[in-house]
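1. predicted coordinates and the sequence they were generated for:
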Amino acid sequence: MRVAFFDRLPVRLAGIILFLGFIAVPVVTELKRRAAEEIVLQQAELQAATATIALVEGLQKELRSVETTVRYIAQDLEDRELSPAEVNRIIGNVMTGTANFSEFSISFEPYVLEPGIERFGRYLSRSGGKLVARDLAAQDYQYWTHDWYATALGRRDVAWSEPFFDQGGANADVVKVSAPFYRTINGRRTVAGVVAAGLALDWVRELAHQNEFFDTGYVMIFSKTGRLITHPNPKYVLTETMESLAQSASMPELAQIYQRVSTNRQGALSYASNLLHVRVHENYKPVQIGGWGVVVGYKEAEFLQQVSAFRWITTVSLAVTMVLLLAIVLLTTRFALRPLEQLTRVSQEITAGNLEQEIAPPRRNDEIGILTRSFMLMQETLKKNRQLEKSVQERTAEVAAANVKLQAENLERRWTNQALVHQRRYDQLIINSITDLVFVLTKARNISRVNPAVPHFTGRTLMELIDRPLSDVVRLDGPDAPGGSKTSPLVYALNEGRDLRDLPATIDDKDGRPVSVRLTMFPLRDGDKVVGGIVILRNARNAEESH
């Protein structure tokens, strides 16, 4: 019978291997890709956190330096007798000695500098490499109306202004830090004026640029009120706040960052930016001086470019690998399992009775080689059994012919020869009744021989069975014959020389349990004389099925 292509073992085995491969390999590859992606993003987050800390520390260092200088100058002016010329000299010295100041001013409360001067304020700024002076009390400025002055007086401490464009002064985006200075008048310590230093925001943007990492990294710095000092898009600088930009761009995450920084908290957020049109990761941290906040962000896609490229390369490699695997599996399974096809044909021939089918000797010592040798041994065994069966049949025919010849001898030799014939017949019956129980009886109904099935079934030894009455082992279940003997049907059958067939009887197995059987008896004759009988017991169920 020819096996269909898809029913062949090599094809099915190749299919199973490839099916598992197509499932396992992509899953493992995807898990590795995700693990690599997670590692890359963790590294990016670590770099962003490091850049954020570095930027905040740089800002705090510069702002602290400016704030400390302003405090020192304010303390130095306390209780000093000053004149307009001395104020101008101090301002000039400060601007000359502090290169990080873009502007510096000293402003007084009414009539504090001199009784005849109501308002006095002087200012120096750097513009085009030169120092430009300005009268802050002039009609076009009036310093006492500005927040940097009023806030310092109100707080009685250092105050940072919101960033603004200093039109007519530094002509640049600046932020001012101001501090009040005091004078004791009539034993009372009162505010005499305000010292203010301006800081151009160009250095802030340069510092932010230095702390950007990778191509898509960006920095946002915002003031205490959320006004943007730096941003990737310059048009938002000083024109938008974190909250207004969050509302206009529909990015509530910006407002969330501002609120957290306002409460002196730091952290990180990952979200889809409507401004950059990609998913971004942003680390934020407050600056302890000035109330500023810092955001360092990057586009996550930049860090995943290598992982994405690896994914495509892996996909192509996987496809090529699967094709090669398919070829390798088909060739390997066909080579390894080819002997099975031959063994299948041989088994079919043996089943049909053809024992002459040639089996190729195995070339390997693996399981298939062992199976091939087993088939060869089985074939040889079946051949020998067939030859032995033929020899037995020929020998049986010869014995039967010899028995006919011996019938003409005397009674004693006839008995002996007859006994030999009976013995051969008993043996033949025993062989033909392997699953039945066979007893050879004398004329007195004693057991003279049994087949191997009897000891096996009853659990008794030959010593316990031979020369014992059959009634000790087998009980007839029919009605009693005259005389009340359960074995009386055997007596009549042996006396009359007739067969008994399918009588119900009972015999105990080796566990002592009674088993119903069917008893059949054939008398043994010496000429016209009955000299014994053969009793065959069959399981009652098997007997009914055979009928």
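-> All right, it came through fine.
2. in the stretch 201-350 of the chain, which spans are helices?
-> Taking DSSP state H, counting those that start in this stretch, the helices of the stretch 201-350 of the chain run over residues 202-210, 242-248, 252-262, 300-303, 305-351.
3. the longest one: what's the following helix or strand?
-> I take that to be helix 305-351. Later in the chain than helix 305-351, the nearest helix or strand by DSSP states H and E is helix 367-406.
4. tell me the helices and strands packed up against that next one.
-> Under the contact criterion of 3 or more Cβ pairs under 8 Å, 6 or more residues apart in numbering; DSSP states H and E, helix 367-406 touches helix 305-351, helix 411-432. Where you see a C-beta, it was placed from the backbone N, CA and C, and this is true even at glycine.
5. which of those helices comes out lowest on mean pLDDT?
-> Note on the helices and strands packed on helix 367-406: lowest mean pLDDT is at helix 411-432, with a mean of 56.
6. what are the pairing partners of the next helix-or-strand element following that helix, and which direction each?
-> Next in sequence after helix 411-432, counting helices and strands by DSSP H and E, comes strand 437-442. Strand 437-442 has the following strand partners under DSSP bridges: strand 447-450 (antiparallel), strand 529-539 (antiparallel).
7. now strand 437-442, how far from the chain's geometric center?
-> Put simply, strand 437-442 sits 71 Å off its chain's centre (Cα atoms, centre = their mean, to the nearest Å).
8. tell me the buried residues in stretch 238-254?
-> Going by neighbour count (16 or more other Cβ atoms under 10 Å), the buried part of stretch 238-254 is 238, 240, 241, 242, 243, 244, 245, 246, 251, 253, 254.
9. rewinding a little: so which of the helices of the stretch 201-350 of the chain is nearest residue 279?
-> helix 300-303 (5.0 Å; Cβ to Cβ).
10. quick one: average pLDDT of the closest one?
-> If you average the pLDDT over helix 300-303, you get 70.
11. same question, stretch 277-284
-> Across stretch 277-284, the average pLDDT comes to 86.
12. just the buried positions in it, please.
-> For stretch 277-284, burial by neighbour count (16+ other Cβ under 10 Å) applies to 280, 281, 282, 283, 284.
13. from these, which is closest to residue 153?
-> Closest approach between the buried residues of stretch 277-284 and residue 153, by Cβ to Cβ: residue 284, at 32.5 Å.
14. quick one: residues contacting the closest one.
-> Residue 284 makes contacts with 52, 257, 260, 261, 266, 267, 268, 269, 293, 294, 295, 296, as judged by Cβ atoms under 8 Å, 6 or more residues apart in numbering.
15. sorry, back to before: now distance to residue 232 too, for the buried residues of stretch 238-254, in CSV please.
-> Converted to CSV, the buried residues of stretch 238-254 look like this (distance: Cβ to Cβ, whole Å):
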residue, distance to residue 232
238, 15
240, 12
241, 16
242, 14
243, 18
244, 16
245, 12
246, 15
251, 13
253, 15
254, 13
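16. show me the two of the residues you listed that sit farthest apart.
-> Checking these with Cβ to Cβ, the most distant pair is 238 and 253, at 21.6 Å.
17. any chance of the buried residues of stretch 238-254 in TSV, with pLDDT too?
-> Listed next are the buried residues of stretch 238-254 as TSV, based on pLDDT from 0 to 100:
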residue	pLDDT
238	87
240	91
241	92
242	91
243	91
244	93
245	90
246	90
251	89
253	91
254	91
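18. with those in mind, which one is nearest to residue 531?
-> Nearest to residue 531 among the buried residues of stretch 238-254 is residue 253, at 114.9 Å by Cβ to Cβ.
19. right, and that closest one touches residue 269 too?
-> Yes: taking Cβ atoms under 8 Å as the definition, residue 253 is a contact partner of residue 269 at 5.3 Å.
20. need the overlap of contacts for these two.
-> Residues touching both residue 253 and residue 269 (Cβ under 8 Å, 6+ apart): residue 282.
21. can you redo the buried residues of stretch 277-284 as CSV with distance to residue 199?
-> Converted to CSV, the buried residues of stretch 277-284 look like this (distance: Cβ to Cβ, whole Å):
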residue, distance to residue 199
280, 29
281, 30
282, 25
283, 25
284, 22
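22. quick one: which of these is nearest to residue 191?
-> Distance ranking of the buried residues of stretch 277-284 against residue 191, using Cβ to Cβ, places residue 284 first at 36.4 Å.
23. identify the bridge partners of that closest one.
-> Here residue 284, judged by DSSP bridges, has bridge partners residue 267, residue 295.
24. repeat that for residue 437.
-> Note on residue 437: beta-bridge partners residue 537, judged by DSSP bridges.
25. what about it, how many neighbours?
-> Neighbour count of residue 437, defined by other Cβ atoms under 10 Å: 25.
26. likewise for residue 381?
-> The local packing of residue 381 (other Cβ under 10 Å) involves 11 other residues.
27. picking that back up, can you say which of the helices of the stretch 201-350 of the chain is nearest to residue 133?
-> helix 202-210 (21.9 Å).
28. so what touches the closest one?
-> Outside of helix 202-210, the residues within contact range by Cβ under 8 Å, 6+ apart are 55, 58, 59, 62, 100, 172, 173, 219, 221, 229, 230.
29. what do you get if the cut-off is 10 Å, keeping everything else the same?
-> Helix 202-210 is contacted from outside by 51, 54-55, 58-59, 61-63, 100, 102, 163, 172-175, 201, 217-221, 229-231, 234, 237, 292, 294, 296, using Cβ atoms under 10 Å, 6 or more residues apart in numbering.
30. residues contacting residue 82?
-> Counting by Cβ under 10 Å, 6+ apart, residue 82 touches 89, 90, 106, 108, 112, 113, 114, 120, 183, 192, 193.
31. how near is the last one to residue 459?
-> Taking Cβ to Cβ, to the nearest Å as the measure, residue 193 falls 127 Å from residue 459.
32. and for the third one?
-> Residue 106 is 127 Å from residue 459, where distance means Cβ to Cβ.
33. comparing these two, which residue is more hemmed in?
-> Here residue 106 and residue 459 are compared on neighbour count by other Cβ under 10 Å; more neighbours surround residue 106, at 27 against 13.
34. A helix includes that one, no?
-> No: counting by DSSP: H, G, I helix; E, B strand; the rest coil, residue 106 is not found in a helix; it is strand.
35. which residues does it contact?
-> Contact partners of residue 106, counting by Cβ under 10 Å, 6+ apart, are 73-74, 77, 82, 86-88, 90-91, 94, 113, 120-124, 136, 181, 192-196.
36. ditto for residue 122
-> Contacts of residue 122 (Cβ under 10 Å, 6+ apart): 84, 87-88, 90-92, 104-108, 133-137, 143.
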